[in-house]
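K.L.:
Sequence first, predicted coordinates after that:
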Amino acid sequence: MGFLLFPGFPMACLTSAIEPLRAANEIAGHQVFSWSLVTETGADTAASAGVLFSAETSLAGTDGLDCLFLLSGPEGEFEDPVSGHGRLRYLSRHGATLGAVSGGVFPLARSGVLSGRRCAVHWCYRSAFETAFPDCLAVDRLIVRDGNIHTVSGATAMFDLSLELIGNALGPDAKNEIACLFQHPVIRNGSARQKIPVLQSDRTVDQMPPAVKEAMAIFSENFETPVCIRDVARLAGISPRQLERSFRTATGLSPGEYYRRQRLKAARQMVLYSWDPVSDIAHAVGYASSSTLTLHYRKLYGVTPVQDRKHAFQPPGRRPRQAAPPPPGGL
């Protein structure tokens with residue numbers, strides 16, 4: 001198994017994959033699992049926390065790997081996109097399993113191997129991902145397998161996948177022992193849904209009252225063409241007044257205000273994780289003009305979209321954002 005590390009990759013995704021496998025080898029008393037760290041050129045690279053990792057090989061030297069997972073932030077790019085994307089497609093065609101964890105799904109999608117496939121995309125990137133890759137089907141599951149492509153939504157979901165691999169190789173007893181060793185309290189099925197926080201609440205969407213949860217689902221599926229609250233209430237099976245009361249009780253916001261903030265939240269994902277013009281982003285979240293979006297955006301976030309993109313925080317090790325994405329390379 002190989003882990004392809006991009007500059008500024010989230011370190012938790014790597015340790016969540018490797019540490020359970022290391023423990024499994026110790027419990028088994030022999031090497032059941034092996035792994036290698038890979039970078040595009042074979043050079044060392046730094047994680048988002050600034051910790052430096054030494055690569056054992058370059059992407060070009062990955063012959064013989066049965067599985068390669070991409071680890072990066074959403075801005076992850078190859079220095080040589082044509083060669084990098086071509087190498088991933090070559091590995092996929094020749095039987096290797098390709099995977100991505102968290103933001104690693106972005107460079108994997110840029111290679112073209114996710115086209116037409118289902119993939120797990122972390123909720124904090126989903127709007128940006130769907131806008132950038134409309135030919136990929138993003139779902140809110142922890143782990144998605146589509147043929148020889150495995151995508152993992154985040155770090156603890158990667159821990160769950162490692163536990164699954166351990167269970168397959170060593171049995172359920174070893175899987176349970178290692179989960180307890182790391183105090184991983186619940187071994188989740190990969191098909192479980194992601195936990196998504198509710199605005200202005202310490203609860204998650206799955207903990208909302210049924211009608212509120214249904215309304216939230218309708219809102220999240222209708223950013224580009226907003227729906228009226230009366231229609232949402234009807235689809236949720238309650239009156240507009242009941243929906244208003246239930247929403248305020250659950251979130252402290254009216255349905256309309258919650259909906260607007262969700263659309264602005266989606267817009268911010270696109271501002272931070274895409275190169276799309278603000279006018280296109282405005283259209284994607286149901287605003288008739290970029291000026292109206294900018295007005296509401298500044299009111300909520302204290303900065304305009306342009307200012308937010310310009311001054312976005314970059315963890316140590318990540319490359320500066322580019323003005324436009326590099327060419328993706330042909331299929």
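P.N.:
That came through, no problem.
K.L.:
where does the protein dip in pLDDT?
P.N.:
200, 313-331 (pLDDT under 70).
K.L.:
Can you name the residues that contact the spatially most central residue of it?
P.N.:
The C-alpha lying nearest the average C-alpha coordinate of the chain belongs to residue 122 (CA atoms, centre = their mean; 2.9 Å). For residue 122, the contact set (CB atoms under 8 Å, 6 or more residues apart in numbering) comprises 102-103, 153-154, 194. Quick note: C-beta positions are derived from backbone N, CA and C, even for glycine.
K.L.:
Any of those buried? List them.
P.N.:
Buried by 16 or more other CB atoms under 10 Å: 102-103, 153-154, 194, out of these.
K.L.:
want to try JSON lines for those residues, with distance to residue 290 and secondary structure as columns?
P.N.:
Formatted as JSON lines, the buried ones among the contacts of residue 122 follow (distance: CB to CB, whole Å; DSSP: H, G, I helix; E, B strand; the rest coil):
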{"residue": "102", "distance to residue 290": "30", "secondary structure": "helix"}
{"residue": "103", "distance to residue 290": "26", "secondary structure": "helix"}
{"residue": "153", "distance to residue 290": "31", "secondary structure": "coil"}
{"residue": "154", "distance to residue 290": "32", "secondary structure": "coil"}
{"residue": "194", "distance to residue 290": "30", "secondary structure": "coil"}
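K.L.:
So which residues of the stretch 201-331 of the chain form helices?
P.N.:
Ranges of helices in the stretch 201-331 of the chain, per DSSP state H, counting those that start in this stretch, are 210-220, 229-236, 240-251, 255-273, 278-284, 290-301, 305-310.
K.L.:
where along the chain do the strands fall?
P.N.:
2-5, 36-39, 45-46, 52-53, 57-58, 67-71, 97-101, 118-120, 137-139, 143-146, 149-152 (DSSP state E).
K.L.:
can I see the domain layout of the chain?
P.N.:
2-181, 205-310 (automatic domain parsing).
K.L.:
Ends of the longest one, what's the gap?
P.N.:
Start-to-end span of domain 2-181 (CA to CA, to the nearest Å) is 24 Å.
K.L.:
Quick one: distance of that domain to the chain centre.
P.N.:
12 Å (CA atoms, centre = their mean, to the nearest Å).
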